[in-house]
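With the sequence up front, the predicted model follows.
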Amino acid sequence: MKTLESLKKEVLEDGIIDSLEVKEIEKLIYADGKIDQEEADFLFDLNDAVSGNENDESWEQLFIKAITSFVLEDEHSAGEIDEDEVAYLKAKIEGDGVIDSVEKNLLLNLKEITGSLHKDLQALLN
């Protein structure tokens with residue numbers, strides 16, 4: 001089985017994530033049934049690298065689903081975004097200096113599910 005690093009290198013060769021690559025990414029990150037921080041970091045790294053490119057629409061869907069799962073289905077604060085998760089999301093979203101539509105849609109999804117967003121995350125939408 002491929003590692004996250006080898007898959008990242010492969011996917012980023014052409015700078016675009018196509019539907020077959022999305023399936024491969026999904027299979028790898030969900031191999032154990034849950035998303036951990038290494039996998040979430042991997043997804044943010046990929047998104048930063050392909051932001052603004054003509055990626056398959058399934059990429060955005062997978063990104064949002066997986067990061068939402070990482071944040072809301074954890075053992076420490078299931079169903080809510082705790083302070084550590086706020087700091088993590090803020091750092092990752094602002095990390096490349098651009099808040100792209102995929103990241104904005106992630107925040108909107110989290111807001112819809114939880115009913116509100118921490119002020120630091122809400123500010124990223126403005």
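Perfect, I can see it now.

show me the biggest helix of this protein in terms of residues.
Counting by DSSP state H, the longest helix found in the chain is helix 57-72.

just checking, what packs against that helix?
Packing partners of helix 57-72 (3 or more C-beta pairs under 8 Å, 6 or more residues apart in numbering; DSSP states H and E): helix 19-29, helix 37-50, helix 83-94, helix 101-114. Where C-beta positions appear, they are placed from N, C-alpha and C, glycine not excepted.

D120 is nearest to which of those helices?
Nearest to D120 among those is helix 83-94 (5.4 Å), distances taken as C-beta to C-beta.

ok, residues contacting the closest one?
With C-beta atoms under 8 Å, 6 or more residues apart in numbering as the test, helix 83-94 has contacts from 37, 40-41, 44, 67, 71, 74, 76-77, 81, 99, 103, 106-107, 118, 120-121, 124.

same check, this time on stretch 64-72
26, 29-30, 34-37, 39-40, 43-44, 78-81, 85, 88-89, 102, 105-106, 109-110, 113-114.
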